[in-house]
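Asks: below: sequence and its predicted model.
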2 protein chains.
Amino acid sequence: MEKLPPRIKLADVARLAGVSASTVSRVLSNPGLVAEATRSAVIEAVEASGYRVNHAARNLRKQRTGSVVALVPNLGNPFFAKILDGMGRELASAGYDLLVADTMDGQGRHIALQRFLDPSRADGIILLDGLVPAEDLLGGIEIPPVVTACEWIEDADLPRVMFDNHEGGRMAVRHLRDLGHRHVGLIGGPEENVLHKARLAGAGAAAPDVRLTVFSGDFTLQAGHAAAMQWQALPPAERPGAIFAFSDEMACAFVATLQRHGFSVPRDVSVVGFDDIELVSHLSPALTTIRQPKREIGRQAARIILERIEGRDVPPMTLLEPRLMLRETTAPA
Amino acid sequence: MEKLPPRIKLADVARLAGVSASTVSRVLSNPGLVAEATRSAVIEAVEASGYRVNHAARNLRKQRTGSVVALVPNLGNPFFAKILDGMGRELASAGYDLLVADTMDGQGRHIALQRFLDPSRADGIILLDGLVPAEDLLGGIEIPPVVTACEWIEDADLPRVMFDNHEGGRMAVRHLRDLGHRHVGLIGGPEENVLHKARLAGAGAAAPDVRLTVFSGDFTLQAGHAAAMQWQALPPAERPGAIFAFSDEMACAFVATLQRHGFSVPRDVSVVGFDDIELVSHLSPALTTIRQPKREIGRQAARIILERIEGRDVPPMTLLEPRLMLRETTAPA
DNA sequence: CACTGGCCTGAAATCGATTGCAAGAATTTC
DNA sequence: GAAATTCTTGCAATCGATTTCAGGCCAGTG
């Protein structure tokens, strides 16, 4: 191992430029305070020495961390990738780092979040999991500002950034009704999930003359497959002629399973998904679905946490509009 | 705004326990050095006061950051989600935070990575982008240890964690040959991409009697669609009877586009993908593909960067084995 | 009984940048 | 030309935890 030269610090630059460390610091963070001649000498010394600030020292002194942590229920779920993407760009352009962490362990148990709810670890928190106990976020201790995105926590008074799930649910069922369907099957999420509840309520509010049959699910491919098996097992007269799945993955698996058993979509059954993940528009038949602007949710959540970090007030709720992507899996009854 | 009590620090706990700050620090980081009686008094004081260490201060003093940064070419690509997942869990269990950042801006231009290549920002770097100029990683300045994962940098001597792309390519073409295909179309990635080169070489090495026709691509759905249009435009005698796409997304789009134009898979053409993203096993027909153990790649990369952080030597290359997932999109010629 | 060694503990230095304060220089005002 | 401002700049304190060093205490040994 070669011996590395010790890292350059502020004092070294100061010596090189013939000024004090304070002056160098000012040139770097508040150049207006320093006389033109001194300033350029300092800049030259900074460049000549290849100085880079030590973040730990700066953060300690300034009592901030320069990073925001995103807590997701499952990092492996591709759904969050686009959201993190939007978030990451927005934060990066404001000079913040994005830290990500899972709220669940390998076995799907919620882990202790105390570790992240600490002002010395992150300046702000973006929470994408609606099932975190509210008391974790309010307990007497001092925690950084929090905003919830996508999901939200019902009994906590935190700013929310979310898609209009109720309207999305309404829109899907309304679309099917307009096609003449009067019996719609829903493939839902976990019952305690806030997204599930909102979409279900929206679906129910869409039209009084549409009968709804709920197949339970959990947003996964497996759940879509299971729902298709249940659907087939029903006597033909009892089978809903249309299906609204609360995630595109469930919708895809539902369609594929039926196809494999000789049914045809949309001839035998119409299907609407939810999310509009990119892939589904490139399948055959292309999935009709409710689009969630995922990147935009990430961006907005980032903007809002930045406002909160600056101490400004933010709207209690930012609602993003749904959009029906009309494609090939729905047809008249 | 309510007035918050000032944050508890080490000195406060020390006063409460009737000892010095040094002793409290020792109890927390090296309990063996402290007498049993003192230790329990300190622990009690820590709990009573709700003390939490200040990371900036600790990091400054210890000259480390407690975090590892993963640099990905496109955070929005769901392919990376599973990798980050494996990585995140492994790092978390070692007490490290995972920072993520994109190596590209919104327009697909590479951004300056200097910002992350800084020992005061991260203790280690996991690079998932093979197109970063090698000089950025070697230039005179001191940077944290780096490992490359998935992709790698040809002219840099950095530890690599990767899937055996050559063997994956070989396996796919061999499988098609075994089914009787003697003309295989490849839908590749960008020409300068290392994954593309390795898979292409593997495909070429599979069998001397198989003719290969390359359709250019870039791993995206759009590229798969474009390749399907090109395929159809060929005179039937010139159309490869089998296709090996270098990503599942391209394979899916290829299949769907052909289906939409009245062709049938695998009757008219056999298709093999690459990656084994979860969704493709739940389509109809289910995609035959080469599985990449994505979570495992993340885990291994994390392990290796942790070793490097500890200063230990690591193998220059960690190769993960391919596996052919035989499903429904391939059939005898 | 004096001495050596081990065990605990506290004082103080240290990590490196930021910033309030005050002093000296330069400029303006009357 | 003296007094009042305004600019610049450096000194020294500060952020909070860790760690070196040295000293106090106690037990064991010759």
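Replies: Nice, I can see it.
Asks: what is the neighbour count of residue A:239?
Replies: 18 (other CB atoms under 10 Å in any protein chain shown). No exception for glycine: its C-beta is placed from N, CA and C like everyone else's.
Asks: which secondary structure element contains the closest residue to it other than its chain neighbours?
Replies: Ranked by CB to CB, 6 or more residues apart in numbering or on different chains and with sequence neighbours excluded, the top spatial neighbour of residue A:239 is residue A:231, at 5.8 Å. Here residue A:231, judged by DSSP states H and E, is contained in helix A:221-233.
Asks: what residue ranges in the stretch 51-200 of chain A score low on pLDDT?
Replies: A:139 (pLDDT under 70).
Asks: can I assume residue A:249 is in contact with residue A:220?
Replies: Yes: under the criterion of CB atoms under 8 Å, residue A:249 makes contact with residue A:220 at 6.2 Å.
Asks: residues of the stretch 101-250 of chain A that sit close to DNA strand D?
Replies: Within the stretch 101-250 of chain A, no position is adjacent to DNA strand D by CB under 7 Å from any atom of the strand.
Asks: which stretches of the stretch 101-250 of chain A form helices?
Replies: Along the stretch 101-250 of chain A, the segments classed as helices by DSSP state H, counting those that start in this stretch run A:134-138, A:165-178, A:194-206, A:221-233, A:248-260.
Asks: can you list the domains in chain A?
Replies: With domains defined by automatic domain parsing, chain A comprises A:10-53, A:62-162+A:294-320, A:165-293.
Asks: residue B:266 is nearest to which of those domains?
Replies: Nearest of the domains of chain A to residue B:266, taken as CB to CB: domain A:165-293 at 14.2 Å.
Asks: residue A:242 contacts residue A:271, correct?
Replies: Yes: under the criterion of CB under 8 Å, residue A:242 makes contact with residue A:271 at 7.3 Å.
Asks: give me the common contacts of the two.
Replies: Common neighbours of residue A:242 and residue A:271 are listed as residue A:330 (criterion: CB atoms under 8 Å, 6 or more residues apart in numbering or on different chains).
Asks: picking up where we left off before, can you add distance to DNA strand C and give the domains of chain A back as TSV?
Replies: Output for the domains of chain A, formatted as TSV (distance: least, CB to the nearest atom of the strand, whole Å):
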stretch	distance to DNA strand C
domain A:10-53	3
domain A:62-162+A:294-320	5
domain A:165-293	37
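Asks: for residue B:93, which of these is the nearest?
Replies: Closest approach to residue B:93 among these (CB to CB): domain A:62-162+A:294-320, 9.2 Å.
Asks: what's the end-to-end length of that closest one?
Replies: With CA to CA, to the nearest Å as the measure, domain A:62-162+A:294-320 spans 35 Å from end to end.
Asks: go on, stretch A:42-58?
Replies: End to end - CA to CA - stretch A:42-58 spans 19 Å.
Asks: same check, this time on stretch A:267-282
Replies: OK, stretch A:267-282 end separation, CA to CA: 19 Å.
Asks: does that stretch come close to chain B?
Replies: Yes: with CB under 8 Å from any CB of the partner chain as the criterion, chain B is reached by stretch A:267-282 at A:277, A:278, A:279, A:282.
Asks: rebuild those as TSV, extending it with secondary structure.
Replies: Formatted as TSV, those follow (DSSP: H, G, I helix; E, B strand; the rest coil):
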residue	secondary structure
A:277	coil
A:278	helix
A:279	helix
A:282	helix
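Asks: can I get the helices of the stretch 101-250 of chain A in CSV with mean neighbour count?
Replies: Output for these, formatted as CSV (neighbours: other CB atoms under 10 Å in any protein chain shown):
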stretch, mean neighbour count
helix A:134-138, 14
helix A:165-178, 22
helix A:194-206, 21
helix A:221-233, 20
helix A:248-260, 26
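Asks: redo those as CSV? Include distance to residue B:124.
Replies: Converted to CSV, the helices of the stretch 101-250 of chain A look like this (distance: least, CB to CB, whole Å):
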stretch, distance to residue B:124
helix A:134-138, 30
helix A:165-178, 40
helix A:194-206, 36
helix A:221-233, 34
helix A:248-260, 34
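Asks: quick one: closest of those to residue B:129.
Replies: helix A:248-260 (27.7 Å).
Asks: let me see the mean pLDDT of the closest one.
Replies: Computed over helix A:248-260, the mean pLDDT rounds to 98.
Asks: show residues contacting it.
Replies: Helix A:248-260 is touched from outside by A:187, A:217, A:219-225, A:227-229, A:231-232, A:243, A:245, A:264-265, A:268-269, A:271-277, A:279-280, A:283, A:285, A:287, A:289, A:329, B:279, B:282-284, B:286, with contacts defined as CB under 8 Å, 6+ apart.
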